[in-house]
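Novice: sequence and computational prediction follow.
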Amino acid sequence: MIPNIFAVANQATGVIKAEPELARLHKATNEFETAFVKQLVTEMRKASKNEFDQVPGSGIYEDMTNQVLAEKLSSKGGFGIGDAMYKELSKLVLSQAGQAQSEKKL
């Protein structure tokens, strides 16, 4: 029973040391989801009537609108792309933190 307690303690230490990396990963996966949703929105809006057709600099306005719309859509988590990526990639980060922790003990 004692070795299991130490294993859990070592694992917790690895998680604590991986927290900054996990925070960066979470930010990156959320940004990826926003970029992906923006691309979807941009392509969908190409098929519809563009409200900025006659405005000078319309490309800038359209891109800004697409960016805000993508940020709002992805912030609600309805797509789940960022969450799914974070779930899978966080396993890798945690295993690397655990491996680095065990290498330090050697």
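Specialist: Yep, that arrived.
Novice: rest of the way, CA atoms for contacts and neighbours
Specialist: OK.
Novice: pull out the buried positions in the helix or strand containing residue 92.
Specialist: Assigned by DSSP states H and E, residue 92 belongs to helix 81-105. Buried residues in helix 81-105, defined by neighbour count with 16 or more other CA atoms under 10 Å: 81-83, 85-86, 89-90, 93-95, 97-98, 101.
Novice: which strands and helices sit next to it?
Specialist: Judged by 3 or more CA pairs under 8 Å, 6 or more residues apart in numbering; DSSP states H and E, the packing partners of helix 81-105 are helix 2-46.
Novice: next helix or strand past the helix it packs on?
Specialist: Downstream of helix 2-46 (by DSSP H and E), the next one is helix 58-75.
Novice: could you give the mean pLDDT of that following helix?
Specialist: Per-residue pLDDT over helix 58-75 has a mean of 88.
Novice: looking at the buried residues of helix 81-105, which two lie furthest apart in space?
Specialist: 81 and 101 (30.1 Å; CA to CA).
Novice: distance-wise, check the most centrally placed residue in the chain relative to residue 70.
Specialist: Among the residues of the chain, the one closest to the centroid is residue 29, at 1.3 Å (CA atoms, centre = their mean). Applying CA to CA, to the nearest Å, the value for residue 29 to residue 70 is 14 Å.
Novice: and for residue 35?
Specialist: Distance, residue 35 to residue 70, by CA to CA: 7 Å.
Novice: cool, and residue 25?
Specialist: 20 Å.
Novice: same thing with residue 17?
Specialist: 33 Å.
Novice: which one of the two has more residues nearby?
Specialist: Counted by other CA atoms under 10 Å, residue 17 and residue 70 do not tie: residue 70 has more neighbours, with 21 against 16.
Novice: find the nearest non-adjacent residue to the more buried one, please.
Specialist: residue 38 (4.7 Å; CA to CA, 6 or more residues apart in numbering).
Novice: these two touch, right, that neighbour and residue 72?
Specialist: No: between residue 38 and residue 72 there is no contact, the gap being 10.2 Å when judged by CA atoms under 8 Å.
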